[in-house]
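Chemist: Sequence and computational prediction follow.
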Amino acid sequence: MILSVRDLQVSYGAIPGIRKIDFDVAEGEIVAVIGANGAGKSTTMKAITGLLPFQGKIAYKGADLAPMRAEQNLANGLALVPEGRGILTRMTVEENLRMGAYLRRDTAQVETEIAATYERFAILGERRSGIAGYLSGGEQQILAIARALLARPKLLLLDEPSLGLAPLMTEQIFAFISEFREQGLTVLLAEQKSKHSLAVADRAVLFSMGEVVASGAARELAEGSLIRDTMMAL
Amino acid sequence: MLSSYQAGLVADGSILLLGALSVYVILSTGQLSLGNAGFMAIGAYLSSWLTVSVGMPLTLAIVISAAVSAVFGLIIGFPALRLKGLYLAMATIGFGEIVRTFFLNFEPTGGAGGFSGMEHVPLWYILGWTVFTLGCVMVTERTRWWLEIRAVNDDELAAGLVGMNTTVTKLMAFMTGAAIAAVAGALFAHQTLYIEPASFGFERSTEFVLAMILGGSSLAAGSIVGAALLILLPELLRDFVDWRIAIFGALLVAVLLVRRQGVLDRNLFGLARLWRRVN
């Protein structure tokens, strides 16, 4: 397992955000974390990447992660594309991409990869000198993902990548996520849109009120009614 | 050849430019310091004491003063990690007042009576330091560190997501700003030949901020325009006698209404580059 989460608990002061979360992610697979608003998806993602203090145990590649060590976790290959994208809106597309490779020292290779990024995501190439804040929501999401990829993550955490996007752009984003599997990248995907998530994921974990209520193969969960019933019950 | 009046204006403008730059570096991380006159005072008093009482060469005294002021920048920078916006600005005002009050009561440097005995520096020396400092800041604007500074200013959380240690970046900016303000203070002291705590009050800090915002807060070159305007406009308005300060104030408001980003900004330079490419 590349990631193992055991008895994870996170509180916002006296308010419990996550009560008890357990799940695993194997290397090379896409795992979808599905749940309604307030289920604890974003909190889990932030705790894993070191942006929130937590109780319990998070092991990455067999080693326990200490809370609040985001910089170290990123250096070890854990990259988060947060809800709301987290791009640098007053900087150019190119500057955002360069910041993505902030911790890397192989400058020549970074240049090659930025050029490859422009080929892969053509819109970023066209808007490379443009201010990132002026991109559309979907373009910003692509930029956020491209920037995270430049950190060369082993485990990419995507938090609500389709939030606020038009259906066509949502399809495009999920098409990119499918490609990650072919490249051998491990992805942990937090989403409310269960249909899209289950279509690209190998396995899924269903969150409700800060707890795991179901988990299993994505195809099996997609065929059953548990996810729909849980989401509808909230 | 400049008259002594003109030379005085150029020297004042250069010192104001350095003060504006000291605010610019700190503001580039999104932190507003209204206490840079405090760092200026440290530079002025320490360098004066080193040259007059210790007999140290001025250049070495300026370097030491800048280093000491940078340490104070580090100290004042720590609260800045917890404070933002207005609260940080208020804290820096407090720092400026602490420094001013310290020198008001510190008898070894003359207390309220001030400190004198410095040797006058020629204009070229002041201009040399100004060009050197401005050049350093402008070169720094092209470095990776400046990209980090802009990232912190843009969105600190997003900057943290790419692995940046935003704390170090903010502290370094405070230290750099404090060092530049100290250079301004040292040159000021060796140009006016007499310093007193009142020379480093809140008005001085706001003058720095005003010059930087008026000239353009998104690039170092803006401080040149801001300092020039702040020095030249009151002189050009002398014919209006009692009304000149009011007219000066109205002009400032007008400029900021038309160009909130200041006279110069990054986009203006971008347009100039585009113009050159087209032609």
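Modeler: Yep, that arrived.

Chemist: Report the beta-bridge partner residues of the residue nearest to the spatial centre of chain A.
Modeler: Closest residue to the average C-alpha location of chain A: A:Leu158 at 1.4 Å, with Cα atoms, centre = their mean. With DSSP bridges applied, A:Leu158 shows beta-bridge pairing to A:Val81, A:Leu189.

Chemist: That one reaches A:Val187, doesn't it?
Modeler: Yes - taking contacts as Cβ atoms under 8 Å, A:Leu158 lies within contact range of A:Val187: 6.4 Å. Glycine gets a C-beta too; all of them are placed from N, C-alpha and C.

Chemist: between these two, what contacts are shared?
Modeler: Contact criterion Cβ atoms under 8 Å, 6 or more residues apart in numbering or on different chains; residues shared by A:Leu158 and A:Val187: A:Ile177.

Chemist: Which pLDDT does the model give A:Asp229?
Modeler: As predicted, A:Asp229 sits at a pLDDT of 68.

Chemist: And B:Val162, by the same measure?
Modeler: 89.

Chemist: distance of B:Phe106 from chain A?
Modeler: In this view, B:Phe106 and chain A are 42 Å apart by Cβ to the nearest Cβ, to the nearest Å.

Chemist: now the end-to-end length of stretch B:191-204.
Modeler: 16 Å (Cα to Cα, to the nearest Å).

Chemist: For the longest helix belonging to chain A, buried residues please.
Modeler: Taking DSSP state H as the criterion, chain A has its longest helix at helix A:167-182. Neighbour-count burial for helix A:167-182, with 16 or more other Cβ atoms under 10 Å in any protein chain shown as criterion, is recorded at A:169-170, A:172-174, A:176-177, A:180-181.

Chemist: go on, stretch B:128-144?
Modeler: B:129-130, B:133-134, B:137, B:140-141.

Chemist: closest to chain A among those residues?
Modeler: B:Glu141 (12.8 Å; Cβ to the nearest Cβ).

Chemist: contacting residues for the residue lying closest to that closest one once chain neighbours are set aside?
Modeler: Of all residues not flanking B:Glu141 in the chain, B:Ala220 sits nearest, at 6.0 Å (Cβ to Cβ, 6 or more residues apart in numbering or on different chains). Applying Cβ under 8 Å, 6+ apart, we find B:Ala220 in contact with B:21, B:24, B:134, B:137-138, B:141.

Chemist: could you dump those residues to TSV with pLDDT, secondary structure and distance to A:Ala75?
Modeler: Shown next, in TSV, are the contacts of B:Ala220 (pLDDT from 0 to 100; DSSP: H, G, I helix; E, B strand; the rest coil; distance: Cβ to Cβ, whole Å):
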residue	pLDDT	secondary structure	distance to A:Ala75
B:Leu21	97	helix	34
B:Tyr24	96	helix	32
B:Leu134	97	helix	36
B:Val137	97	helix	30
B:Met138	96	helix	32
B:Glu141	94	coil	27
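
Chemist: can you give me the helices in the chain?
Modeler: No chain was given, so I picked chain A. Secondary structure of chain A, counting by DSSP H: helices at A:41-49, A:70-75, A:93-100, A:107-120, A:122-126, A:137-149, A:167-182, A:194-200, A:218-223, A:226-233.

Chemist: actually it's chain B I care about, not the one you picked
Modeler: Counting by DSSP H, the helices of chain B are B:4-27, B:36-49, B:58-80, B:85-105, B:123-140, B:144-154, B:156-161, B:166-192, B:202-215, B:221-236, B:244-258, B:266-278.

Chemist: Can you say which of these is nearest to A:Glu95?
Modeler: helix B:144-154 (6.3 Å; Cβ to Cβ).

Chemist: Please point out which parts of that closest one sit buried.
Modeler: Here helix B:144-154 shows B:146-154 as buried, counting by 16+ other Cβ under 10 Å.

Chemist: hang on, A:Ser42 packs against A:Glu160?
Modeler: Yes - contact criterion Cβ under 8 Å: A:Ser42 and A:Glu160 qualify, at 7.3 Å.

Chemist: Common neighbours of these two, please.
Modeler: If you check A:Ser42 and A:Glu160 against Cβ under 8 Å, 6+ apart, the residues they both contact are A:83, A:190.

Chemist: how many other residues sit next to the nearest residue to A:Thr49 once chain neighbours are set aside?
Modeler: Leaving aside its sequence neighbours, A:Thr49 sits nearest to A:Leu80 (Cβ to Cβ, 6+ apart; 4.2 Å). When neighbours are counted by other Cβ atoms under 10 Å in any protein chain shown, A:Leu80 registers 27.

Chemist: Low-confidence regions, the chain specifically.
Modeler: Picking chain A for this. A:226, A:228-234 (pLDDT under 70).

Chemist: could you do chain B instead?
Modeler: Along chain B, segments meeting pLDDT under 70 span B:268-274, B:277-279.

Chemist: who in chain A is up against chain B?
Modeler: With the criterion set to Cβ under 8 Å from any Cβ of the partner chain, chain A comes near chain B through A:51, A:70-71, A:74-75, A:80, A:82, A:86-91, A:95, A:98-100, A:102-103, A:147, A:151.

Chemist: Just want the phi and psi numbers for A:Arg152.
Modeler: Dihedral angles of A:Arg152 (phi, psi; degrees, to the nearest 10) stand at phi 50, psi 60.

Chemist: Show me how chain A divides into domains.
Modeler: With domains defined by automatic domain parsing, chain A comprises A:3-77+A:153-233, A:86-152.

Chemist: Specify the stretch among those domains that is closest to B:Ser47.
Modeler: Closest among these, using Cβ to Cβ: domain A:86-152, at 37.4 Å.

Chemist: now the end-to-end length of the closest one.
Modeler: OK, domain A:86-152 end separation, Cα to Cα: 18 Å.

Chemist: which bits of the stretch 101-250 of chain B sit near chain A?
Modeler: B:147-148, B:150-151, B:153-155, B:157-165.

Chemist: Let me know the closest of these to A:Leu221.
Modeler: B:Leu161 (29.9 Å).

Chemist: which residue packs closest to the closest one, ignoring adjacent ones?
Modeler: Once flanking residues are discounted, B:Leu161 sits nearest to A:Gly86: 5.1 Å by Cβ to Cβ, 6+ apart.

Chemist: Spatially central residue in chain B, please.
Modeler: Computing the C-alpha centroid of chain B and ranking residues by Cα atoms, centre = their mean puts B:Gly19 first, at 1.8 Å.

Chemist: For the closest residue to that residue other than its chain neighbours, list the residues it contacts.
Modeler: Leaving aside its sequence neighbours, B:Gly19 sits nearest to B:Phe208 (Cβ to Cβ, 6+ apart; 3.8 Å). Neighbour list for B:Phe208: B:16, B:19-20, B:22-23, B:36-37, B:181 [criterion: Cβ under 8 Å, 6+ apart].
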